[in-house]
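Chemist: okay, here's the prediction I keep looking at, along with the sequence it came from:
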Amino acid sequence: MARVVAVVKILPESEETRPEEVVEAIKRSLPSDVYEVLKYRSEPIAFGIEAIYVWIAMPESLEGGTYDLEERLSSVPGVSQFDVVMVSRLLE
């Protein structure tokens, strides 16, 4: 089965929130049989806040595209806002 990768830009709730904590919370909230966090990186924005870019692999045939992923991310502690920046087929 083919997979896609979604690149998600996440803004943490505060400048005290560490990117590693947010990524670990995301990993815990996503079912491992459907989603896989491939990598992440953080990028300074302003006033000590860092944007966190997370690459998440998921099945291409998942009904609703990124809807389920977005619903799950909206309930992760430490996540203030997020935006799906890109979705692309994963070459394996």
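Modeler: Done, it's in. Remember, predicted model here, so these are calculated numbers, not experimental data. Numbering: from 1, shown residues only.
Chemist: need the residues that contact the longest helix belonging to the chain.
Modeler: Secondary structure assigned by DSSP state H gives helix 19-29 as the longest helix of the chain. Under the criterion C-beta atoms under 8 Å, 6 or more residues apart in numbering, residues 10, 12, 37, 40, 42, 50, 52, 54, 56, 72-73, 75-79 lie in contact with helix 19-29. No exception for glycine: its C-beta is placed from N, CA and C like everyone else's.
Chemist: what residue ranges in the protein score low on pLDDT?
Modeler: Low-confidence segments of the chain, defined by pLDDT under 70, are located at 1.
Chemist: what segments of it are helices?
Modeler: According to DSSP H, the chain carries its helices in the segments 19-29, 67-74.
Chemist: buried residues in the shortest one, which are they?
Modeler: By neighbour count, and taking 16 or more other C-beta atoms under 10 Å as the criterion, the buried residues in helix 67-74 are 68, 69, 72, 73.
Chemist: right, and the first one touches residue 62 too?
Modeler: The one in question is residue 68. Yes - counting by C-beta atoms under 8 Å, a contact exists between residue 68 and residue 62, whose distance comes to 6.7 Å.
Chemist: what residues does stretch 56-69 touch?
Modeler: By C-beta under 8 Å, 6+ apart, the surrounding residues in contact with stretch 56-69 are 1-8, 26, 30, 34-38, 84, 87, 89-90.
Chemist: quick one on the thing from earlier: what's the closest of the helices of the chain to residue 46?
Modeler: If you check each of the helices of the chain against residue 46 by C-beta to C-beta, helix 19-29 wins as the nearest, at 15.4 Å.
Chemist: could I get the buried residues of helix 67-74 as CSV with distance to residue 17?
Modeler: Conversion of those to CSV gives the following (distance: C-beta to C-beta, whole Å):
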residue, distance to residue 17
68, 24
69, 20
72, 18
73, 15
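Chemist: widest-spaced pair of those residues?
Modeler: 68 and 73 (9.7 Å).
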